[in-house]
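Visitor: Predicted coordinates and the sequence they were generated for:
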Amino acid sequence: MGRTLDYGYLSTITGILNIAEIVSLIAALISVAFTSRLFCELADNLQSVYPDLSTLAIRGVFQAFCVLCLTVTIIILLAHFYGLRYLGRTFLYLNQACLFANVIMGLMMISIGICAILWEDKLRRTPGIIKRGYLSYDYQNIFNEQTYPSPGAAAAAATFALIAGILFIIEACTRPMLGTSASRLPPYTSNRPSYTVSTNNQRSLINDNQTVGDRIIPIETTISPYRV
């Protein structure tokens, strides 16, 4: 017998939010991958705007948060898809753990999204960064290396991070309403016909052949000894 899959979870609000979170986190990772590490390092060295803000550190933490939240979200989605809601009372405790994880991941993504907004603002407001061609769409030479500035990539990453954080908070609010009354779908259905054997068939046949007033005479069987 195969494992029962919970297809109904994908149509719930919580399941739809899981899919939207995964899409937002992937979009955030793609956006932050387009940002220029060399421009971040240059902005941190100039220290003209937000001197205590390390854009290079924000870039690394942003990637770590996205990978962590994406991994946890995929695990939660797969666990529900493979029948987590069918565990009865155990599901109540696991659902509370998922709610707590949603709150933590929501705060993580919202906080790193706000930091990414400051990251983009620092790049745009630093005069030395603007002079080095940050707002252009041509390759620039920073620290004797060619890099593409990708203006607005950090802002796009911040937007997707904030969206993911808000979705995590909304999912946490929908967790208490997630019911366990989903109907199971059998993973395998046999094509063989089912047979039901009745124990009264033999008795009913005897009663059908017997008429009222008839007497059933038992047949006695005797075994005679073998004579030589």
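Guide: Thanks, I have it.

Visitor: Pick out the residue closest to the middle of this structure.
Guide: L77 (2.6 Å; Cα atoms, centre = their mean).

Visitor: Quick check on the residue nearest to P151 when sequence neighbours are not counted: phi, psi?
Guide: Spatial nearest neighbour of P151, excluding adjacent residues (Cβ to Cβ, 6 or more residues apart in numbering): L135 at 5.2 Å. No exception for glycine: its C-beta is placed from N, CA and C like everyone else's. Dihedral pair for L135: phi -80, psi 0, per degrees, to the nearest 10.

Visitor: next one: the one 5 residues further on
Guide: Geometry field for Q140 lists phi and psi as phi -120, psi 160, criterion degrees, to the nearest 10.

Visitor: measure the nearest residue to it once chain neighbours are set aside to C98 for me?
Guide: Leaving aside its chain neighbours, Q140 sits nearest to G133 (4.6 Å; criterion: Cβ to Cβ, 6+ apart). Between G133 and C98 the computed distance is 46 Å (Cβ to Cβ, to the nearest Å).

Visitor: Those two: which has the busier surroundings?
Guide: More neighbours surround C98 than the other of G133 and C98, with 24 against 16 (other Cβ atoms under 10 Å).

Visitor: can you pull the contacts of the more buried one?
Guide: Going by Cβ atoms under 8 Å, 6 or more residues apart in numbering, C98 touches 76, 175.

Visitor: give me the element it is part of.
Guide: Assigned by DSSP states H and E, C98 falls within helix 89-125.

Visitor: For that helix, buried residues please.
Guide: By 16 or more other Cβ atoms under 10 Å, the buried positions in helix 89-125 come out as 91, 95, 98-99, 101-103, 105-106, 108-110, 112-113, 115-124.

Visitor: Mind checking what helix or strand follows that helix in sequence?
Guide: The first helix or strand that comes after helix 89-125 along the chain, using DSSP H and E, is helix 127-131.

Visitor: mean confidence for that next one?
Guide: Helix 127-131 carries an average pLDDT of 89.

Visitor: What lies in contact with that helix?
Guide: Residues contacting helix 127-131 (Cβ under 8 Å, 6+ apart): 39, 42-43, 46, 48, 123-124.

Visitor: which stretches of this protein form strands?
Guide: 140-142, 145-147 (DSSP state E).

Visitor: Buried deepest among those strands, which one?
Guide: Across the strands of the chain, the average number of neighbours (mean count of other Cβ atoms under 10 Å) peaks for strand 140-142, which reaches a mean of 16.

Visitor: so can I have TSV of the contacts of helix 127-131 showing distance to G15?
Guide: Shown next, in TSV, are these (distance: Cβ to Cβ, whole Å):
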residue	distance to G15
F39	39
L42	44
A43	41
L46	47
S48	47
L123	38
R124	39
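
Visitor: Dump those residues into a markdown table; add pLDDT as well.
Guide: Below are the contacts of helix 127-131 laid out as a markdown table (pLDDT from 0 to 100):
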| residue | pLDDT |
| --- | --- |
| F39 | 91 |
| L42 | 91 |
| A43 | 91 |
| L46 | 89 |
| S48 | 84 |
| L123 | 92 |
| R124 | 92 |
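
Visitor: In helices only, show me these.
Guide: Within those, residues falling in helices by DSSP state H are 39, 42-43, 46, 123-124.

Visitor: The residues you listed into JSON lines, with extra columns for distance to L68?
Guide: Output for those, formatted as JSON lines (distance: Cβ to Cβ, whole Å):
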{"residue": "F39", "distance to L68": "25"}
{"residue": "L42", "distance to L68": "28"}
{"residue": "A43", "distance to L68": "26"}
{"residue": "L46", "distance to L68": "31"}
{"residue": "L123", "distance to L68": "25"}
{"residue": "R124", "distance to L68": "28"}
